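Asks: Here's a sequence, model it:
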Amino acid sequence: MEKIPQIPKEKFKLVHDENNAEQEKIGTPSLTYMQDVRRRLFQNKVAVVCLTLLSIIVLISIFAPIIAPHNPNAQNVTMSNLPPKLGNLNIPGMNGYQNMGGHMVDAYKQAGAPKGTSFILGTDYLGRDLLSRIIYGTRLSLVVAILATLVDLLIGVPYGIVSGWKGGRTDTFMQRIVEIVSSIPNLIVVILMMIILKPGLTSIVIAIAITGWVTMARLVRAQTFQLKEQEYILAARTLGEPSMKIATKHLIPNLSSTIIIQTMFTIPNAIFFEAFLSFIGIGIPAPNASLGTLLSDGQKAFRFLPYQMWAPAIILSIIMIATNLLGDGLRDAFDPQSSEH
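Replies: Numbers count the residues shown, from 1 in each chain. Have a look, this model is predicted:
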């Protein structure tokens, strides 16, 4: 039998032997779930722009007493309905001139305003500074949104977890309550609150508290139904973990994406609801300003003084669009598969 020739060991050499250690290293550093969410969120340029705009609006609202140039409720009827004026700059539309009888006249000089007086966004029919009123109005609208969010978190989240966790008759009974509450129109609740309480922030917040948590409760319940069948939840129950500890340690962290996304859609809904109520005259009472009251006052003189309505309308539109787009960006960041469908 012919002997097979042996190949010397020195002829063998591992491919890229000197780079094996480098090749075995992970190409990208490992990221936690929240770090991955943040990375995907900041890759979404639209969401980043919206987050920046909302952050600026929130900061301006927080520091309203410092930033606002005038007292938002201070009246001076001698300077009523003055057009926007930006210092001494001669910018068309921002120079204090107004069309009267086909001629452009200096409205500030005609009103006898002291030299150097200027209102960046003009004044309303009572001579109040519109810029200051918009800043304070935005602040009040954001307060309504924050309170509505707290209601969602304090009522909707626990209600949904209990309903989904217990199941059976408890879930059936709790969902019948949800259906009854959701069938009551918000406007009816507000009118009832106005009969019991005075019109204002309190009645609006109570109306939102009565009906606003339903959507959050339903979403959290649906997610809880899915999560409680997961292996780690079943293992925790087998080990005798109490339900409260399972909810705080396992359910709520895994429900965080649903809660955050729904919160971002609760904020514009609450702001628009308050603006609608104030616009039709059953919201924030005078002389306090909100975006709704500013729109209501501006539309009365829109034909002749359009700037009084344009400014609050633009701010409201920016808040509504930015929060919705940021909500979409957060949904895609928390659940990348949702953007593929």
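
Asks: CA only for contacts and neighbour counts going forward, please
Replies: Fine.

Asks: pLDDT wise, what is L219 at?
Replies: On pLDDT, L219 comes in at 90.

Asks: Now it. Its backbone dihedrals?
Replies: Note on L219: backbone dihedrals following degrees, to the nearest 10 are phi -70, psi -40.

Asks: who touches it in this structure?
Replies: Residues in contact with L219, defined by C-alpha atoms under 8 Å, 6 or more residues apart in numbering, are G160, T258.

Asks: 10 Å instead, please
Replies: By C-alpha atoms under 10 Å, 6 or more residues apart in numbering, the residues touching L219 are G156, V157, G160, I161, G164, L255, T258, I259, Q262.

Asks: Same question for F302.
Replies: Applying C-alpha under 10 Å, 6+ apart, the residues near F302 are L295, S296, Q308, M309, W310.

Asks: And it, its phi and psi?
Replies: Dihedral angles (degrees, to the nearest 10) for F302: phi -60, psi -30.

Asks: correct me, but I246 touches R237?
Replies: Yes: in terms of C-alpha atoms under 10 Å, I246 counts as a neighbour of R237; the distance is 8.0 Å.

Asks: Quick check: neighbours shared by the two?
Replies: K228.

Asks: Have a look at these two and say which one is more surrounded.
Replies: Comparing I246 with R237 by other C-alpha atoms under 10 Å, the one with more neighbours is I246, at 17 against 14.

Asks: And the more buried one, how close does it get to W165?
Replies: Separation of I246 from W165 (C-alpha to C-alpha, to the nearest Å) stands at 10 Å.

Asks: Residues that sit against both of those two, list them.
Replies: Jointly contacting I246 and W165 under the rule C-alpha under 10 Å, 6+ apart are K228.

Asks: And for the nearest residue to I204 once chain neighbours are set aside, the neighbour number?
Replies: Spatial nearest neighbour of I204, chain neighbours left out: V190 (6.4 Å); criterion: C-alpha to C-alpha, 6 or more residues apart in numbering. For V190, the number of neighbouring residues by other C-alpha under 10 Å comes to 23.

Asks: Can you report phi and psi for V190?
Replies: Main-chain torsions, V190, degrees, to the nearest 10: phi -60, psi -40.

Asks: you'd agree it is up against F276?
Replies: No: with contact defined as C-alpha under 10 Å, V190 does not count as touching F276 (11.7 Å).

Asks: which residues does I321 contact?
Replies: C50, P268, G327.

Asks: just checking, it is part of a helix?
Replies: Yes: per DSSP: H, G, I helix; E, B strand; the rest coil, I321 lies within a helix segment.
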